[in-house]
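Novice: No sequence on hand, only this structure:
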Ligand SMILES: C=C1C[C@]23C[C@@]1(O)CC[C@H]2[C@@]12CCC[C@@](C)(C(=O)O1)[C@H]2[C@@H]3C(=O)O
Ligand SMILES: O=C(O)CCC(=O)C(=O)O
Ligand SMILES: [Fe+2]
């Protein structure tokens, strides 16, 4: 692990004052960095209409082959995206010293700071983040002592909408694997609405960058979630790695949300769904904003390969793990966290789709 200042004492830069890319932000992108590079007419991440009668099958196929898909007709009021974007933009435009009043504490989860995965890389990422777990009230009062209520309301409404959507997506993703009954997932609750689920909202801001080809917005990673719902503003930057194809750009499409399969869904699906490797690149002239709703099980629930997906020829590939235990493992082992939960080497030619990802260089 690189030895450098911890997040707690590293001063946060004022990106707007940097006219050149400091060496600490210059990633030594290898020639194989884009390998196998995607051509302009490469495949694109499927867009699925949630109102279509084929949505379930299309989602199952996308989850198995990509670990990511995009959705339209998701039912989230479109005006809400403008509102949450406006709150995020207002937040990141505050002076650095003001933002630091709501800094994430060294052992905390919520607040303003660098990407949590920064410590695994020797170079810094060209981005700022703000994580909201639970209520935004306390941190938002620190940012806007006289004007926080409106921003809190926007975030609360957004989280509610995301929670509803995430519950529906859970049934679609699980349904495609034949897991359809409320009793199949006890923690979905008596109404099957996943009422007790946990979530974090991550606001990501990527300022315009003087040397985007040498910089990195958010380094390659998988999400530790069951699923992630990602909204991106109108600037490109997101890329996903498709096995056997390469890095695929996911340009923003108006009113469309990107859904990532996360590591816990990979475990729950007993390896059927790969958790998608992805990264965010930056732009010379435009800043970029993304809002990730990171969705997981209630804190006391252990996630393990679903009994319906386990049998004599399909041994469970992972042992049970809570989200917190997994996040701790991710904080320690980063891209090796899945191997840490792994129980057995695949037998009879069974291959875990995420095994292919282990060779990806992260630093
Ligand atoms: C619930 C969480 C997932 C996350 C760590 C966190 O506690 C809150 C932030 C999340 C995030 C967002 C950016 C990418 C990521 C890898 C990171 O560094 O922080 C994810 C974490 C994750 O999915 O492991
Ligand atoms: O900014 C993006 O497009 C990606 C963000 C992301 O991967 C995350 O927040 O986990
Ligand atoms: Fe992510």
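Specialist: Received it, and whenever you're ready, just let me know what you need. Note that the structure is predicted; figures quoted are calculated from it, not measured. Ligands and ions are numbered 1, 2, ... in the order given.

Novice: shouldn't residue 118 be in contact with residue 126?
Specialist: No - using CB atoms under 8 Å, residue 118 is not in contact with residue 126, being 11.4 Å away. Every C-beta, even on glycine, is put in place using the N, C-alpha and C of the backbone.

Novice: The two: which is more packed in?
Specialist: residue 126 (27 against 20; other CB atoms under 10 Å).

Novice: Let me see the contact set for the closest residue to that one other than its chain neighbours.
Specialist: Spatial nearest neighbour of residue 126, chain neighbours left out: residue 215 (4.4 Å); criterion: CB to CB, 6 or more residues apart in numbering. Taking CB atoms under 8 Å, 6 or more residues apart in numbering as the contact definition, residue 215 lies against 21, 25-27, 126, 209, 281-282.

Novice: from those residues, which ones fall inside strands?
Specialist: Using DSSP state E, no member of the contacts of residue 215 sits in strands.

Novice: does any bit of the longest helix along the chain sit next to ligand 2?
Specialist: Ranked by residue count and defined by DSSP state H, the top helix of the chain is helix 148-175. No - residues of helix 148-175 contacting ligand 2 under CB under 6 Å from any ligand atom: none, with a closest distance of 13.2 Å.

Novice: Run the chain-centre distance for that helix.
Specialist: 15 Å (CA atoms, centre = their mean, to the nearest Å).

Novice: Just the mean pLDDT for it, thanks.
Specialist: The average pLDDT within helix 148-175 is 98.

Novice: On the C-terminal side of it, identify the next helix or strand.
Specialist: Downstream of helix 148-175, the first helix or strand assigned by DSSP states H and E is strand 198-206.

Novice: so what strands line up beside that next one?
Specialist: Looking at strand 198-206 with DSSP bridges, its partner strands are strand 128-133 (antiparallel), strand 288-296 (antiparallel).

Novice: To ligand 2, which of the ones you listed lies closest?
Specialist: Between ligand 2 and the strands paired with strand 198-206, the shortest gap by CB to the nearest ligand atom is with strand 288-296, which sits at 3.2 Å.

Novice: Beta-bridge partners for residue 228, please?
Specialist: Those that pair with residue 228 in a beta bridge, by DSSP bridges, are residue 260, residue 294.

Novice: what sits against it?
Specialist: Taking CB under 8 Å, 6+ apart as the definition, contacts of residue 228 comprise 259-260, 262, 292-295.

Novice: follow-up on the earlier one: I'd like the strands paired with strand 198-206 as CSV, with distance to ligand 1, mean neighbour count and mean pLDDT appended.
Specialist: Shown next, in CSV, are those (distance: least, CB to the nearest ligand atom, whole Å; neighbours: other CB atoms under 10 Å; pLDDT from 0 to 100):
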stretch, distance to ligand 1, mean neighbour count, mean pLDDT
strand 128-133, 5, 21, 98
strand 288-296, 4, 24, 98
